[in-house]
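Undergrad: Here is my input, please return the structure:
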Amino acid sequence: MPAKDFDEVVALIRKEDARYEPGAYHFVRLGLDHTIKQLKDNPDRESRHVSGQELLSGIRDYALDQYGPLSYTLLTHWGLNTCEDFGDIVFNLVEWGVLGKTENDQREDFSGGYDFREAFLQPFEPKSHRNN
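TA: Numbering: from 1, shown residues only. Model (predicted):
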C-alpha cells in the first residue's frame, strides 16, 4: 500500500479533530525541521531527539523569522492559541505515524511554554509599550 502524503494525513486527522487548520500542521512540521537544523548546529548536543520545550523554542524562532509581526495573527487564524496546541498537533501526527516519539514524550511536555501574546506580539511593540 503506498504511503499517504502529508496533506492526505492532515485531511484524515481533521476528520477526527478539526480544531486546527491544515496550515497549522504544515507550520508545525516546518517548525520541527527548523528546530532540528538549529540543534544540529550545536556540537555539544548529544541526543538527536527533540524535546517538547526545544520544539516550542524552535517554533517560536521559526514563526518570528518567517512571519514577523504577522505571526500572532496567522497562528491564531490556524487555531493555534497556546503551546498546548502545538503539542496536540505533534501528538496527532505521532498517532498517524508521521512523527515518532520516545516512551518519555507526552503532551504535557508542551504545557507551561510561553504566552502567545508575549512571544509573538511583544517583540514588535515599541520599547515604550513593553512591560507596561
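Undergrad: Count the neighbours of residue 116 for me.
TA: Using other CB atoms under 10 Å as the criterion, residue 116 is surrounded by 19 other residues. C-beta coordinates here come from the backbone N, C-alpha and C atoms, glycine included.
Undergrad: Going forward, the N-terminal residue is numbered 39.
TA: Fine by me, first position is 39 from now on; the one you just mentioned is residue 154.
Undergrad: Can you name the residues that contact it?
TA: Contacts were defined as CB atoms under 8 Å, 6 or more residues apart in numbering; by that measure residue 154 touches 110, 113-114, 118-120.
Undergrad: Okay, and which of these map to helices?
TA: 110, 113-114 (DSSP state H).
Undergrad: Who are the packing partners of the helix of greatest length in the chain?
TA: Among the elements of the chain assigned as helix by DSSP H, the one spanning the most residues is helix 60-78. Of the remaining helices and strands, those touching helix 60-78 by 3 or more CB pairs under 8 Å, 6 or more residues apart in numbering; DSSP states H and E are helix 44-54, helix 90-105, helix 109-115, helix 121-133.
Undergrad: Relative to residue 163, which of those helices is closest?
TA: In this view, these are compared for proximity to residue 163 by CB to CB, and helix 109-115 is the closest at 11.2 Å.
Undergrad: pLDDT and distance to residue 152 for the contacts of residue 154 - can I get that in TSV?
TA: Written out in TSV, the entries for the contacts of residue 154 read as follows (pLDDT from 0 to 100; distance: CB to CB, whole Å):
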residue	pLDDT	distance to residue 152
110	97	12
113	98	12
114	98	14
118	98	12
119	97	12
120	97	9
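Undergrad: what's the closest of the residues you listed to residue 50?
TA: Sorting the contacts of residue 154 by how near they are to residue 50, with CB to CB, puts residue 118 at the top with 19.7 Å.
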